[in-house]
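> would you be able to build a 3D model of this:
(one chain, ligands or ions: 1)
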Amino acid sequence: MTQDRVVAISSGGLDSTTMVWDLVVNHDTYVHMIGFDYGQRHRRELLAARKTAELLNTRFDLIDLGNLSIFLAESGSSLVSSMDDVPEGHYAEDNMKKTVVPNRNMMMLSIAGAIAVATDATAVYTGVHAGDHFVYPDCRPQFIDLVSRALTVGNEGFGNFGELAIQAPFMHSSKADIALLAMELGYDLRNTWSCYNGGETHCGRCGTCVERLEVVAEAKVRYRNIYQHNYAGPDVQYADTEYWKRVVADANQG
Ligand SMILES: [Zn+2]
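Got it, this is the predicted structure:
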């Protein structure tokens, strides 16, 4: 039997990196990793994606949409505008809407879909998860389902899509589920990048840093309960290691 070949949108973050490791290690899939430069200030996440591709001996291609940031910045999205600070605090708060990039997933899924059709890949994989639904409308199941159907209809008679053009294996998983899977896979979490600020170390204060700190802590507890020993792997370094605890406690009270 020939190995299944898929295209995976790979940001270098915890979710897509775990998805790619899982596909390669647990599902014997050939993964063509695709990263996007859309002018994000945390562009260094793409170095993490490239590192993962090296470690897994698989292909990584960077799609350069850098010019788009001129227009995307008009939205006031702090991820692509150097004028606006990345919001700090809990990731489910209203101010996190400032991190929405207009139509980002549609663009990425569409381009990855073209590459998939051109290379006879059976699906496009995306690491969107249930926790994304609060903030990002283009991560919701109904959107992913519609784009999946559009890709199938729009490429009828071409390519090699399976039953679903888009596969989102974490659609109904929490980010803590993903962090636990990452620990079980045993890859080095330092080869991922989450912080929206894109500085030298993770800031520990932006929404995605707070989210990552919270879910990794939760996953460590679950890991210990399942395996009766502590997860021993290292994680990325944070400039502020305490802020998240206050934010999460406030969010849980609120
Ligand atoms: Zn951060």
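
> check contacts around the residue in the stretch 1-150 of the chain positioned nearest to the ion.
Residue nearest to the ion within the stretch 1-150 of the chain: Val86 (7.1 Å; C-beta to the ion). Placement of C-beta: from N, CA and C, glycine included. Residues near Val86 by C-beta atoms under 8 Å, 6 or more residues apart in numbering: Arg41, Ser78, Leu79, Lys98, Thr99, Tyr196, Asn197, Cys206, Gly207.

> any regions of this protein where pLDDT drops low?
Low-confidence segments of the chain (pLDDT under 70): 1, 78, 80-84.

> what does the longest helix seen in the chain rub up against?
Using DSSP state H to define each element, the chain has its longest helix at helix 207-227. Residues outside helix 207-227 that contact it (C-beta under 8 Å, 6+ apart): 13-14, 86-91, 93, 96, 99, 131, 135, 174-180, 182-184, 189, 194-196, 202-204, 230-231, 235, 238, 241, 243-244, 247-248.

> rerun at 7 Å
Contact partners of helix 207-227, identified using C-beta atoms under 7 Å, 6 or more residues apart in numbering, comprise 14, 87, 89-91, 96, 99, 175-176, 179-180, 183, 194-196, 202-204, 230-231, 235, 238, 244, 247-248.

> which elements pack onto the next helix or strand after it?
Scanning forward in sequence from helix 207-227 by DSSP states H and E, the next helix or strand is helix 243-253. Identification of packing neighbours for helix 243-253 by 3 or more C-beta pairs under 7 Å, 6 or more residues apart in numbering; DSSP states H and E yields helix 207-227.

> PyMOL command for the buried members of the contacts of helix 207-227?
Restricted to buried positions by 16 or more other C-beta atoms under 10 Å, the PyMOL selection for those reads:
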select buried, resi 14+87+89+90+91+96+99+175+176+179+180+183+194+195+196+202+203+204+231+235+238+244+247+248
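
> from the contacts of helix 207-227, which land in helices?
Per DSSP H, the contacts of helix 207-227 map to helices at Leu14, Lys175, Ala176, Ala179, Leu180, Met183, Trp244, Val247, Val248.

> helices and strands around the lengthiest strand in the chain, which ones?
Assignment by DSSP state E gives strand 30-37 as the longest strand of the chain. On a contact count with 3+ C-beta pairs under 7 Å, 6+ apart, strand 30-37 meets strand 5-9, helix 14-27, helix 45-56, strand 59-64, helix 104-118.
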